[in-house]
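Asker: show me how the following folds:
(2 chains)
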Protein chains: 2
Amino acid sequence: MTASPATLDRRQVEQMVRQVLRDRLGGASPTYHRAPTDNGGPNPLVVNVSARHVHVRPEDLEVLFGPGAKLTKLKDLYQDGEFATEQTVNIIGPRNRMIPNVRILGPARDYTQVELSYTDGVFLGIDLPLRISGNHEGTPGCILVGSHGALNLQRGVVRAERHVHMSPADLAHFNVADGDIMKLKIDGPCGLVFERVKVREHPKVKLEVHIDTDEGNACHLPSATSMQLIK
Amino acid sequence: MTASPATLDRRQVEQMVRQVLRDRLGGASPTYHRAPTDNGGPNPLVVNVSARHVHVRPEDLEVLFGPGAKLTKLKDLYQDGEFATEQTVNIIGPRNRMIPNVRILGPARDYTQVELSYTDGVFLGIDLPLRISGNHEGTPGCILVGSHGALNLQRGVVRAERHVHMSPADLAHFNVADGDIMKLKIDGPCGLVFERVKVREHPKVKLEVHIDTDEGNACHLPSATSMQLIK
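Answerer: From the prediction side, this is the model:
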């Protein structure tokens, strides 16, 4: 059964287009797998893979997408208030190679930051420093290209340090503090133990581990049979 | 001081050209990092990253590079008799994307096999099975393109299972047998423990762990401070 064109209003059309976009862009979204496991605590343990992505500050967004440009939501991420946007940029590095269609995550931040895997860094020719978000001292830059123009980003290109977001209840359950290092054990055919997972506290955050695509692929997260955070 | 052209024979010229090729092609060679560590045993422990590569059987080599084509050596690998060849192929998968310039390793084998990382598999659209070399039951194929023509490979595209090559002396030192599973602990800023490293015995092999680029990048092997094989 097909709906008659006459019964579709603008809102319905927009919803359909967004759904098609979501389906098609699934592989390019920052999160491609989620594997909950029981940790005995107050909240479920979720491990998410962050694919390469970009955060932007408002003035850089205008360079890339034109005066007055605002981030528009494509879909919500796991953390409340965080979202994948409809905007993507091309990343160009010193080897004159480009990674196209890298998604910007919202909302806008105070800084522009590009989070890549080491695999991406080798491809682009960028020696990525390992950093927690926002720590850009001594980090390299790159060229970002949006639909309006190019941005010569001076710094902010990093590999994100593995980390776990925890609320105060989670800290109490695992008996750890902000900045502590934990282990994450992934069982399965490509099982491994990540030894350095940094604890990051936020008052209202959901319990969530973030690893990058190299790490998610090394342990082949989709075939993981169980996962465990260990102090 | 520069040598006069008159003093260069064909052999010297060939050596110089090969050296330049080696230097330039370093990033595309199957091994980009080696980090020895003391394990107390009879042989040094070497961990090597196998970048994506291809093994070929003679009849497929002729399809790709023409009648009578033979593999020619670019440089020796760590294991005696194994070498990177001067031949490369392009790999095309179901998403109509291509990975160019993938090196063939010699000598020729009884089967053609393509070893990729999961990152490569996602890019190409191939759901890679995890296999030990030569086990191709139920594995997918791909298209390989050489300088002479294209090969419709029916099967043999895999992610290689992590493994460690051991001689009888190494087996005795670690007190393990062919087929056993060991752990590999990598210390450093991206430290982790690979939990499933399969032991593979050969009478005259050098002690060597093979992991792929996802795994080598997940632990950032270049910044590793120590490594240890654990039973």
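Asker: how near is the spatially most central residue of chain A to chain B?
Answerer: Geometric centre of chain A, nearest residue: residue A:50, 3.8 Å, by CA atoms, centre = their mean. Between residue A:50 and chain B the distance, using CB to the nearest CB, to the nearest Å, works out to 13 Å. Every C-beta, even on glycine, is put in place using the N, C-alpha and C of the backbone.
Asker: torsion angles phi and psi at that residue?
Answerer: Recorded main-chain torsions at residue A:50 are phi -90, psi 110, according to degrees, to the nearest 10.
Asker: go ahead and confirm it touches residue A:159.
Answerer: No. With contact defined as CB atoms under 8 Å, residue A:50 and residue A:159 do not form a contacting pair (10.5 Å).
Asker: okay, and the common contacts of these two?
Answerer: Counting by CB atoms under 8 Å, 6 or more residues apart in numbering or on different chains, the common neighbours of residue A:50 and residue A:159 are A:115, A:212.
Asker: tell me the SS of residue A:216?
Answerer: Three-state call for residue A:216 (DSSP: H, G, I helix; E, B strand; the rest coil): helix.
Asker: residues near the residue lying closest to it once chain neighbours are set aside, how many?
Answerer: In space, not counting the residues next to it along the chain, residue A:216 is nearest to residue A:49; the distance is 3.5 Å by CB to CB, 6 or more residues apart in numbering or on different chains. For residue A:49, the number of neighbouring residues by other CB atoms under 10 Å in any protein chain shown comes to 23.
Asker: distance check, residue A:49 against residue A:87.
Answerer: As judged by CB to CB, to the nearest Å, residue A:49 and residue A:87 stand 21 Å apart.
Asker: ok, now residue A:175?
Answerer: When residue A:175 is compared with residue A:87 (using CB to CB), they lie 41 Å apart.
Asker: between those two, who's got more neighbours?
Answerer: When neighbours are counted by other CB under 10 Å, residue A:87 comes out ahead of the other of residue A:175 and residue A:87, with 22 against 8.
Asker: domains for chain A, by residue range?
Answerer: Under automatic domain parsing, the residue ranges defining each domain of chain A are A:36-44+A:162-230, A:51-160.
Asker: format the ones you listed as JSON lines; extra columns: mean pLDDT.
Answerer: JSON lines is the format used below for the domains of chain A (pLDDT from 0 to 100):
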{"stretch": "domain A:36-44+A:162-230", "mean pLDDT": "94"}
{"stretch": "domain A:51-160", "mean pLDDT": "97"}
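Asker: I'd like these laid out as CSV, including distance to residue B:153.
Answerer: Listed next are the domains of chain A as CSV, based on distance: least, CB to CB, whole Å:
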stretch, distance to residue B:153
domain A:36-44+A:162-230, 22
domain A:51-160, 24
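Asker: and chain A, which of its residues are near chain B?
Answerer: A:27, A:117-119, A:122, A:130, A:162, A:187, A:189-196, A:213-215, A:217-220 (CB under 8 Å from any CB of the partner chain).
Asker: touching, residue A:71 and residue A:108? I think so.
Answerer: Yes. Using CB under 8 Å, residue A:71 is in contact with residue A:108, at 5.9 Å.
Asker: grab the nearest non-local neighbour of residue A:207.
Answerer: Leaving aside its sequence neighbours, residue A:207 is closest to residue A:43 (4.2 Å, by CB to CB, 6+ apart).
Asker: show the contacting residues for that neighbour.
Answerer: When contacts are counted by CB under 8 Å, 6+ apart, residue A:43 is found next to A:167, A:169-170, A:206-207.
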